[in-house]
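1. Sequence first, then the predicted structure, then my questions.
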Amino acid sequence: MLLKQLMDVYEVIDRADASGSLVKELLESYGGKNITVKKITGEKGSTDFVKIKIEGKNGKSKGGDAPTIGILGRLGGIGARPVMTGMVSDADGAMVALSVAAKILDMQNKGDYLEGDVIVGTHICPDAPTQPHEPVPFMGSPVDMATVNKEEISDEMDAILSIDTTKGNKVINTRGFAISPTVKEGYILKVSSDLLTFMEITTGKLPAVFPLSIQDITPYGNDLYHLNSILQPATATSAPVVGIAITTEVPVPGCATGASHFIDMEAAGRFSLEVAKAFGKNQCDFYDKEEFGKIISKYGEMKHFQTFGK
C-alpha cells in the first residue's frame, strides 16, 4: 500500500508555495540521500526538477550488475494558478512517482531492499500555464520538452516507466490506469506480457492497454498531434519506455481541480513498485531483445522518429 506516502506527497504538493525543496525535505524525512533539486526558468515561468537515486543492494551505484529502472512523473505542472486554485489533475504523474520513491525508502527503513537502483524524476510547478487542446484543454509547461527530457532522463536507466495523467482524450475509456506498448528507438513494439501479468496481479482485473500512433512517439514541437507527453521520454533515450496512464472513462481536462483519484494513483504506484522489484532481479522484460534484433535486421532502424524529421 502507498496510501500513506500519497497523503504525505499530497500535503507538500497541494499548496501555492509548493517547491522542489519541500519535496526534497519530505524524501529526506524518509531517509533519502541522493536527491537533487534544480530550478529552471523558461519563457512561461519556472519549475523545480527533482531527481532521487535510491540504491539497490546489487545496483550499479554499489558496483553491482542489477539493471536500473527509471520512474518518471510526467506533467506540465501541479497547479495552474492563478487560473485554477489547488492541485490539478495533471499532477497525478508527479504524485505517483514521488510516492513510489517514498515507499521504497520506507521499505529500506524496515529492512527490505530492491535489487537494482531506482531513479525517480519529476518537476514541481504550482503555477504552470494552460493551452488549448482537443477534446479538452491541456496543461502547458514553463519549460520546453527537450529541457524536461534532459533533466529527467539518465543514461543509467535501462528501462523507463513514464507515469502521466492521460484523461483528456476519447480513446481510453476506463477508470484507473492503462499501460502502453513498449516504445524503443522509434519502434512501437508489442505489449510486454510481463507487465500485463503484473497489472493483473496488482489490480485484480483484466489489464488495460492504451493505443499509440507514430505521432505520439515523435518529439513535441514538430507540429503533429500528440495524445499527450507520456511517451516523450522515448524520443530522448535508447532504453525501452512504457507509459503508465492515469485514466478516466470520460475526457477530463488536465487543468481541472478535484479530479485526482487516490485509489487510481495508489494502484498505478503499486504496479510501478512491483515492476521495479522484478526488473532489478531480471524477472521482468519490457521487450523481446531477440525479436527486436530481427526487426532491425529486416526493416532497419527507425531512430529518425526520435527527431524532428525533415
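-> Yep, it's here. Residues are numbered from 1 along each chain as shown.
2. Centre of the chain to the lowest-mean-pLDDT helix or strand in the chain, how far?
-> Comparing helices and strands within the chain by mean pLDDT, DSSP states H and E singles out strand 138-139 as the least confident, with a mean of 78. Shown here is strand 138-139, whose average C-alpha point lies 16 Å from the average C-alpha point of the whole chain (CA atoms, centre = their mean, to the nearest Å).
3. Outside of it itself, list whatever touches it.
-> Outside strand 138-139, the residues that touch it by CB atoms under 8 Å, 6 or more residues apart in numbering are 75-77, 80, 88, 90, 128-132, 168, 228, 253-255. For the C-beta atoms, the positions are set from N, CA and C on the backbone; glycine is no exception.
4. do stretch 233-243 as well
-> 70, 72, 74, 146, 149-150, 152-153, 157-164, 166, 179-185, 189, 192, 195, 210, 217-219, 230-231, 286-287, 306-307.
5. now stretch 16-30
-> Stretch 16-30 is touched from outside by 8-9, 12-13, 32, 35, 37-39, 48-50, 52, 78-79, 81, 98, 101-102, 105-106, 109, 123-124, 126, with contacts defined as CB under 8 Å, 6+ apart.
6. same thing but at 7 Å, please
-> Around stretch 16-30, the neighbours that count as contacts under CB atoms under 7 Å, 6 or more residues apart in numbering are 8-9, 12, 35, 37, 39, 48-50, 52, 78-79, 81, 98, 101-102, 105-106, 124, 126.
7. and if you look at stretch 185-204?
-> 176, 179, 181-182, 207, 209, 212, 217, 238, 242, 267, 270-271, 274-275, 284-287, 292, 295, 301-306.
8. Just those residues: which are in strands?
-> When DSSP state E is applied, those are split such that 176, 179, 242 fall in strands.
9. Of these, which is the most crowded?
-> Within the ones in strands among the contacts of stretch 185-204, most neighbours by other CB atoms under 10 Å means residue 242, with 26 neighbours.
10. and that one, how far is that from residue 78?
-> Shown here: residue 242 relative to residue 78, a distance of 23 Å by CB to CB, to the nearest Å.
11. can you check residue 277 too?
-> The value you get for residue 277 to residue 78, if CB to CB is used, is 27 Å.
12. Show me which of those two is the more surrounded one.
-> Under the neighbour definition other CB under 10 Å, residue 277 and residue 78 were set side by side, and residue 78 has more, 29 against 21.
13. what's near enough to touch the nearest residue to that one once chain neighbours are set aside?
-> Sequence neighbours aside, residue 91 is the residue nearest to residue 78 in space, at 3.8 Å (criterion: CB to CB, 6 or more residues apart in numbering). Taking CB under 7 Å, 6+ apart as the contact definition, residue 91 lies against 13, 75, 78, 260.
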